[in-house]
Structure formats: C-alpha cells, structure tokens
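In: model this:
(one chain, ligands or ions: 3)
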Amino acid sequence: MACRRTLQMCGSGLLRRFGRQQQLRHSRSYGRDVAIIGAPFKKGQRLAGVEQGPRVMREAGLIEKIRELGHNVEDRGDLNFEVFKDDPRNYVLNPKAVGAATKKVSAAVEQAVRDNKLTVTLGGDHSISIGTIHGHAQAEPNLCLLWIDAHADINTPLTTPSGNIHGTPLSFLVNQLKDTIPWTALSPFDWLKPCLNITDIAFVGLRDLDPGERYILQKFNITSFSIHEVDRYGIHEVIARSLDAVNPKGDRPIHMSFDIDSVDPAVTGATGTPVPGGLTFREGMFIAEHVYRTGLLSALDLVEVNPEVGSRQDKANTVMTAVEVLTACLGKKREGNLQPGYQLPLP
Ligand SMILES: NC(=[NH2+])NCCC[C@H](N)C(=O)O
Ligand SMILES: [Mn+2]
Ligand SMILES: [Mn+2]
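Out: Ligands and ions are numbered 1, 2, ... in the order given. Down below sits the predicted model:
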C-alpha cells in the first residue's frame, strides 16, 4: 500500500513538478558565477585535522574542475578565525570560538549571495553551517535546506551528549527551538537570529541520532529519510520527495549542507564521526546531480573532511569523493558534459 502510494505520487505531482524545475536548468546551468569560501575551522568538535579540509580539496584541483564546467569562479580564500580562551564549563565546547567564527562565516556567505554568486563553503567541521545558513538566509529569506548527513546535528546545548557544537548547528537556527537554547550563557551567539522554520528542512542519510534529536524530529514531524528509507525507496525517490516536501512549487532557493560522513566510511573514512552503513558513492553523486538539475541550488557546504583520520587511502578516497560531489552539484555529469562549440575534428 505504501509502495503503491509512492508510485502514484511519482507518476503525477512529483514528475510534473520536477519537470518544471528541470526547465530552469537551461537558463542557469552554464556559466554561473561561483564563489568559494574556505572555512578551516575545527573548534566545533575535538579532533585536529578537519581545519585542513579547504586545503586538501583545493589541492585536489577543485577550483579548476569547477572552472572547466564553464563557471566563473572566484576563490575568496580562507577565513581567518580568532583564537579564544574558552570557559570549559559551558553547556558546549568552545562557545566563544564557534560564536565568533560562525559570525564571520555568516557575513562572508551573505555577501557572496548578495553578489549573486552560487556560494560554496568548504569546511571545516559542521558547526560552520550555523554561519553559512544564517548568512544565506539574510540574503535569501525564502531558502529551504537539504541536510545530507549520518547525523541530524539538531541537538540543543542541553541535549548534546558530547558538547560538540558540530552536533547542534540546526538547533541554533530553527525558530521553533528558540526557547530551548540557553542564550544568556551563550552570549557569543548574540549576533544570531533564528532564521529557519523546522518545516524548511529535509534530512537524507540519517543513521545515528541522539535521544533529543529523535524526539525533535518526531515532535515537529520533520521531513527525514534515514538510510532505511534510502534502502526502501531508492535514492531518486528519496531526494525527489525531500525536495517536494520543502520546495513543492520549485520556487525556493536551495541550501544544501553535505556532511561527507553521510557517505559510507568504507569510501569516506577520513572524517571525525564515521558511522557504518552509509550512502554509496553513487547515491552521493545522484543527490548532487539531482540537486544541480533543479537549477535552484544557491549555496552549498561540504564539511567534515578530516585528512588526519584513517589511512592514506581513506584520505585520498574522501577528498576525491568530496570533489566529485561538489562538481556534480555544479553541473558535472557522469554521462559526460557536452562542450559548447565542440566540433568533430575532420581528417
Ligand atoms: N557534524 C557531525 N559530524 N556531527 C556529529 C554529531 C555526533 C553526535 N550526535 C553529537 O551531537 O555529538
Ligand atoms: Mn555527520
Ligand atoms: Mn554533520
């Protein structure tokens, strides 16, 4: 029964809507202005190495690969983050460092989106998405959010079992959770205004939730497709239904926050909180290609690449996957891209 309903949805509304979204592609795919922002930040968790994410992705040729797709790429370099002496007895780890860093990230992303750039932020740990989403929302208040992750990252400072802010970014941003945040103890976040409705979020790839997070997802009936649903419905159905839930008319700018640990650690082992049984490389790529095809991607985060975790092979595979996902989000197609003006050479 559930299956039949799924198929019917696919046959009617979804395909029609997706068909309309696809038309946008031709006007926006080739030659968009892209800004790259490096956010080499690690204080949202405890492991060293994740601050090297922007460097290793650039060293893998990310910028050139995006240029090859026909985009006008402006690499705005790495943000500099101040060092703070933080009080170890707060609800969360390093609130001053994270509060100041995310404020900077927010300003940089807001500016890039206002400059009409498709804005790509390279993490860094996932706490930076407090800033990327906040900044994006200042320029595009109507955005919707795809959160691709093994984790929901919606712990509040009072539910987090680890105290690591990279497990909490969404609770800071969501209007409906405003009263669960101890703002007076977290004055480094005074600059932040919750800017996201809980119904604007869709999760894909979840497989490791804490009790508070499970409760929040259920209480607010948040759109979420765990790995169970990916296995059950297939990745196309899952991503189409996610978009249909948060962007039914296909008229909202999309923010996609892609945590590399959404993908299986057999592929992307170089990450701080790996969880077995993740998305395949192909499922990650499918998500990226599908989101590109909407023509609505407005800002993108790629976070939690940590080249100091795991083997050399883990590092190489993780960085390669990150770069492939990013370029697929920006129009690289596995079936090959037709170069404008290409002519067959004649003998
Ligand atoms: N962005 C991440 N990798 N987050 C992992 C979060 C893990 C755990 N749920 C926590 O809150 O500590
Ligand atoms: Mn994660
Ligand atoms: Mn995450």
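
In: ok, residue 180 touching residue 160?
Out: No: in this structure, residue 180 is not within contact of residue 160 by C-beta atoms under 8 Å, at 11.5 Å. Every C-beta, even on glycine, is put in place using the N, C-alpha and C of the backbone.

In: so residue 290 is in contact with residue 240, correct?
Out: Yes: under the contact definition of C-beta under 8 Å, residue 290 touches residue 240, with a separation of 7.4 Å.

In: hang on, the earlier thing: out of residue 180 and residue 160, which sits in the busier spot?
Out: residue 160 (21 against 14; other C-beta atoms under 10 Å).

In: that one: what's it in contact with?
Out: By C-beta atoms under 8 Å, 6 or more residues apart in numbering, the contact set of residue 160 is 91, 92, 167, 168, 210, 212.

In: moving C-terminal of whichever strand or helix holds residue 232, what's the next helix or strand?
Out: Counting by DSSP states H and E, the element that carries residue 232 is helix 227-233. Proceeding N to C from helix 227-233, the next assigned helix or strand is helix 235-246, under DSSP H and E.

In: any idea how far stretch 283-303 is from the chain center?
Out: Relative to its chain's centre, stretch 283-303 lies at 9 Å (C-alpha atoms, centre = their mean, to the nearest Å).

In: can I get it in PDB? Just the C-alpha atoms.
Out: C-alpha atoms of stretch 283-303 as PDB (Å, rounded to 0.1, in the frame of the first residue of the first chain):
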ATOM      1  CA  GLU A 283      24.000   7.600  -4.100                       C
ATOM      2  CA  GLY A 284      26.000  10.700  -3.000                       C
ATOM      3  CA  MET A 285      26.600  11.500  -6.700                       C
ATOM      4  CA  PHE A 286      23.000  11.000  -7.500                       C
ATOM      5  CA  ILE A 287      21.900  13.500  -4.900                       C
ATOM      6  CA  ALA A 288      24.400  16.000  -6.200                       C
ATOM      7  CA  GLU A 289      23.400  15.600  -9.800                       C
ATOM      8  CA  HIS A 290      19.700  15.800  -9.000                       C
ATOM      9  CA  VAL A 291      20.000  18.900  -6.900                       C
ATOM     10  CA  TYR A 292      22.000  20.500  -9.800                       C
ATOM     11  CA  ARG A 293      19.200  19.700 -12.200                       C
ATOM     12  CA  THR A 294      16.700  21.700 -10.200                       C
ATOM     13  CA  GLY A 295      18.600  24.900 -11.200                       C
ATOM     14  CA  LEU A 296      17.800  26.200  -7.700                       C
ATOM     15  CA  LEU A 297      21.000  25.500  -5.800                       C
ATOM     16  CA  SER A 298      22.000  28.700  -4.200                       C
ATOM     17  CA  ALA A 299      24.500  27.700  -1.500                       C
ATOM     18  CA  LEU A 300      26.400  24.600  -0.700                       C
ATOM     19  CA  ASP A 301      28.500  23.400   2.200                       C
ATOM     20  CA  LEU A 302      31.000  20.500   2.100                       C
ATOM     21  CA  VAL A 303      32.100  19.700   5.600                       C
END
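
In: for the record, mean pLDDT for it?
Out: Stretch 283-303 comes out with an average pLDDT of 98.

In: switch to numbering from 43
Out: With 43 as the first residue, the last one maps to stretch 325-345.

In: do that stretch and ligand 1 come into contact?
Out: No: if you take C-beta under 6 Å from any ligand atom as the test, stretch 325-345 misses ligand 1, and the best it gets is 6.8 Å.

In: same thing with stretch 349-363?
Out: No: counting by C-beta under 6 Å from any ligand atom, no contacts exist between stretch 349-363 and ligand 1, the nearest distance being 11.5 Å.

In: what of stretch 157-170?
Out: Yes: part of stretch 157-170 sits near ligand 1 under the criterion C-beta under 6 Å from any ligand atom, namely residue 168.

In: hey, C-alpha coordinates of that stretch in CSV?
Out: Extracted C-alpha coordinates of stretch 157-170, given in CSV (Å, rounded to 0.1, in the frame of the first residue of the first chain):
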residue,chain,number,x,y,z
ASP,A,157,26.9,39.4,-5.0
ASN,A,158,24.8,36.9,-6.9
LYS,A,159,27.2,34.0,-6.5
LEU,A,160,26.4,30.4,-6.1
THR,A,161,28.2,30.2,-2.8
VAL,A,162,30.3,27.1,-1.9
THR,A,163,31.7,26.9,1.6
LEU,A,164,34.4,24.4,2.3
GLY,A,165,34.7,23.2,6.0
GLY,A,166,35.8,22.7,8.5
ASP,A,167,33.5,21.0,10.9
HIS,A,168,29.7,21.2,10.6
SER,A,169,29.4,24.0,13.2
ILE,A,170,30.2,26.4,10.3
